[in-house]
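>>> fold the following and give me the result.
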Amino acid sequence: MNLGHGGNVEEICRRYNICEKDIIDFSANINPLGISKKVKEEMIKSLDRIERYPDITYHDLRMGISQYEGIDYNNILLGNGAAEVIFNVIRGLKPKKVLLPAPTFSEYEDGIRAINGEIVYYKLNRENFKLDDGFLEAIDKSMDMLFICNPNNPTGQLVSKEFLIKVLNKSSNTNVVIDESFLDFIEDKSRYSLIDMCKDYENLIIVKSLTKFFSFPGIRVGYGITGNAEFIRKINKVSVPWSINTVASTGAIVALKEREYQKNSIDFIKNEKVFLYNELCTFKELEVFEGAVNFIFFKTRTDINLKEELIKYGIIIRSCSNYIGLGSDYYRVAVRTREQNEKLIYALRKVFNK
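Numbering: from 1, shown residues only. Next comes the predicted model:
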């Protein structure tokens with residue numbers, strides 16, 4: 001069982017004998033506005049339909065995604081969260097050798113190891129953790145697949161569309177998987193997304209998660225996008241039928257239409273991210289990296305186990321020690337509400353004796 005993720009609130013409460021109501025979770029990168037009221041109401045209503053199977057074609061959900069992303073209905077892959085989509089892509093296409101930036105989201109590694117694939121890591125420069133031309137040089141004909149998380153998790157760094165197109169042009173023999181799960185938090189996401197390029201590059205697959213932006217990680221909905229019909233056939237062949245339950249499917253369909261909620265979320269997180277980033281930068285004990293989305297990545301300049309110390313104040317943050325290329329001095333915190341962000345800053349002052 002992989003516990004190397006954020007959001008393990010129940011497990012941490014058991015381990016430290018803490019009540020869940022006394023915890024503020026900064027370890028999971030979830031929209032701090034919480035689930036839309038309308039989405040929640042429609043999910044509750046959908047309980048009346050759980051005595052029958054979901055539509056095995058997921059027609060309404062596919063239509064919702066198609067309209068939300070402006071893509072062909074037939075170019076959509078569905079999964080029980082983005083993690084399942086990632087695993088299905090790997091199991092369906094069976095890459096033998098895969099290029100990964102390091103650090104990046106651990107599910108890529110887990111999926112590749114599950115089929116005994118070989119992983120080649122490209123270590124990101126620790127000064128800024130950005131992809132550079134060295135990554136292009138690392139792509140060769142022996143690579144069956146590569147993954148890029150944009151924005152990257154845990155660093156929050158964006159990759160420009162121009163650079164990604166260079167990657168595609170260099171990767172004629174390599175399947176390119178771009179994970180855009182956090183791009184919905186970006187105000188001008190069309191400047192970075194490659195969804196519109198799927199029709200031009202048959203080796204391109206986009207992965208998306210709905211659960212982070214729409215704040216329902218407990219119901220697991222993710223999808224993939226590709227213009228390659230053969231990819232769709234191979235990946236669907238290894239996918240589990242009815243992988244998305246009725247409640248999750250209903251919530252996703254409604255959420256994709258919630259335009260006001262989407263705009264309010266982007267505006268709220270944009271302002272709170274600036275506040276939290278500036279406050280974190282006031283601590284000389286921290287080296288803070290400016291990211292693009294709803295979480296902030298930083299390094300401590302002390303020997304303090306910051307995760308353990310903050311738990312004493314009822315705050316959970318994400319240790320990044322299990323990421324390839326990072327040590328126990330790297331952490332990630334989600335952007336929360338102003339009140340919660342202030343509690344994090346207060347706790348840090350206590351830890352650092354400010």
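>>> now the helix or strand hosting Arg91: buried residues?
For Arg91, the element it lies in under DSSP states H and E is helix 82-93. For helix 82-93, burial by neighbour count (16 or more other C-beta atoms under 10 Å) applies to Ala82, Ala83, Glu84, Val85, Ile86, Phe87, Asn88, Val89, Ile90, Arg91, Gly92, Leu93. Every residue, glycine included, has its C-beta placed from N, CA and C.
>>> ok, Tyr277 touching Ile296?
Yes - using C-beta atoms under 8 Å, Tyr277 is in contact with Ile296, at 5.7 Å.
>>> neighbour count for the two, which is higher?
Each of Tyr277 and Ile296 had its neighbours counted (other C-beta atoms under 10 Å), and the higher figure belongs to Ile296 (25 against 16).
>>> so which residues of the protein form strands?
Applying DSSP state E to the chain gives strands spanning 24-25, 76-79, 97-102, 118-123, 145-149, 175-179, 204-209, 222-225, 286-289, 295-300, 315-316, 318-319, 330-334.
>>> for Phe135, find the nearest of these.
Of all the strands of the chain, strand 118-123 sits nearest to Phe135, with 5.2 Å by C-beta to C-beta.
>>> contacting residues around the closest one?
Defining contact as C-beta atoms under 8 Å, 6 or more residues apart in numbering, one finds that strand 118-123 is touched by 96-102, 109, 112-113, 134-135, 138, 143, 324-325.
>>> show me where the stretch 1-150 of the chain has helices.
The residue ranges that make up the helices of the stretch 1-150 of the chain, judged by DSSP state H, counting those that start in this stretch, are 9-16, 37-45, 59-69, 82-93, 106-114, 133-138.
>>> before we move on, the earlier item: and for Tyr277 and Ile296, which residues touch both?
The contact lists of Tyr277 and Ile296 share Val288, where a contact means C-beta under 8 Å, 6+ apart.
>>> which residues touch Tyr277?
By C-beta under 8 Å, 6+ apart, Tyr277 lies in contact with Val288, Glu290, Ile296.
>>> and for Leu183?
Leu183 is in contact with Asn150, Pro151, Lys189, Tyr192, Ser193, Lys208, counting by C-beta under 8 Å, 6+ apart.
>>> let's see 7 Å
Taking C-beta atoms under 7 Å, 6 or more residues apart in numbering, we find Leu183 in contact with Asn150, Pro151, Lys189, Tyr192, Ser193.
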